[in-house]
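**Student:** For reference, the sequence and a predicted model appear below.
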Amino acid sequence: MKWIGAHIWKFISRFHDDVYFENISNHGADPDTFLSMDVDTGKVTYRTGAEVLSDIGAGNGDITGVTITTDSGGGSAASDTGGSADFSILGANGVGVTNSGTTITAAAVPGEIDHDSLLNFAANEHFTQANITTVGTIGTGVWQGTAIASAYLDSDTAHLSTQKHITHHSFTADIDTTKTYVGMVDADSESTGTTGIDMPLVFPVASKLLQVTLRSNKNLSALTYTWRLETQATGVGFATGPTIVGTQSGSGPAQTGHTIYDFTTSLDSGDNVVDAFDAVYLSLQSSGATANTKYYVTCVWEVNVSGY
């Protein structure tokens, strides 16, 4: 059937086969309406442009591309514009990525973090126990390490292995320049010889003479006094006499003061060591005349009691 010109058809028409349109003109601009067909009934209708745009905005349209931009920037964005958009979001060492439905969570994994690789890592701020050799002042804390050796304790600290022992001696004499032995056991028992019973002390353990302190009732500061530590070794007869162990000298005291003679350092000669069971003697000698003088002598000893 063929018509020439225009034909107006007022009745419902149904087509049971393909329908073709020829010579369809281009609208030339965005149309306000669109033809559409119900796929169930085959009915041809129209829809406005606003309705079509509304359906697209409501998510009823097709997604034609997905782009994911990360901290790397847009220049290296991940993009997929064809087919199913499949991406993998994976955590690097120290970072774990999980998801619950559409929620993706990235979190740190402490067990995988190497502190040596951190951006602010500084090797000189990290020390192992073996490399700690110097520390500052320790203000608080509880020491639970190995025992501290006696050599590293302050000299004022009491040591269980040693103890300080003080002896006091006094006498009156005009000794002038004569070497005189102090009576170590009894007061006013000075002598120029060593045979008196009051002359020596006997220590049952190894000991040291640390210092001698001298006071007097006269001004002796113009004189030099020489002190000698002497011992009679065990196994040697007393008739042999003691042997000088160490010598120390210094100015005498003023009448209003005192003088300390240090036997631990800068001795004139020898040392300050006394062996166990030695008989210990102490002598003094003036560099000049003294007149009759009262001498007050105090000795400080270190006694080794580690075996007790």
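**Tutor:** Sure thing, it's come through. Numbering: from 1, shown residues only.

**Student:** Only C-alpha atoms from now on, for both contacts and neighbour counts.
**Tutor:** OK.

**Student:** Phe263 reaches Leu209, doesn't it?
**Tutor:** Yes. Counting by C-alpha atoms under 8 Å, Leu209 is a contact partner of Phe263 at 6.3 Å.

**Student:** Can you work out which residues contact both of those two?
**Tutor:** Asn272 (C-alpha atoms under 8 Å, 6 or more residues apart in numbering).

**Student:** quick one, which of the two is more surrounded?
**Tutor:** Neighbour tally, Phe263 and Leu209, criterion other C-alpha atoms under 10 Å: the higher count belongs to Phe263, 26 against 23.

**Student:** got the CA coordinates for the helix or strand that contains Val280 in PDB?
**Tutor:** With elements taken from DSSP states H and E, the one containing Val280 is strand 279-286. Taking C-alpha atoms only, strand 279-286 is exported to PDB below (Å, rounded to 0.1, in the frame of the first residue of the first chain):
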ATOM      1  CA  ALA A 279     102.700  -6.200 114.500                       C
ATOM      2  CA  VAL A 280     102.100  -2.600 113.500                       C
ATOM      3  CA  TYR A 281     104.300   0.300 114.700                       C
ATOM      4  CA  LEU A 282     104.000   4.100 114.100                       C
ATOM      5  CA  SER A 283     106.800   6.500 114.600                       C
ATOM      6  CA  LEU A 284     107.200  10.300 114.300                       C
ATOM      7  CA  GLN A 285     110.300  12.500 114.000                       C
ATOM      8  CA  SER A 286     110.500  16.300 114.100                       C
END
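
**Student:** Show me what it is packed against.
**Tutor:** Contacts defined by 3 or more C-alpha pairs under 8 Å, 6 or more residues apart in numbering; DSSP states H and E place strand 279-286 against strand 180-181, strand 201-202, strand 224-232.

**Student:** mind exporting the last one as CSV, just the C-alpha atoms?
**Tutor:** The C-alpha trace of strand 224-232 is given here as CSV (Å, rounded to 0.1, in the frame of the first residue of the first chain):
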residue,chain,number,x,y,z
THR,A,224,108.3,19.2,109.5
TYR,A,225,107.0,15.9,111.0
THR,A,226,107.9,12.6,109.4
TRP,A,227,105.6,9.6,110.1
ARG,A,228,106.7,6.1,109.4
LEU,A,229,104.4,3.0,109.2
GLU,A,230,106.5,0.0,110.3
THR,A,231,105.6,-3.7,110.7
GLN,A,232,107.1,-6.8,112.3
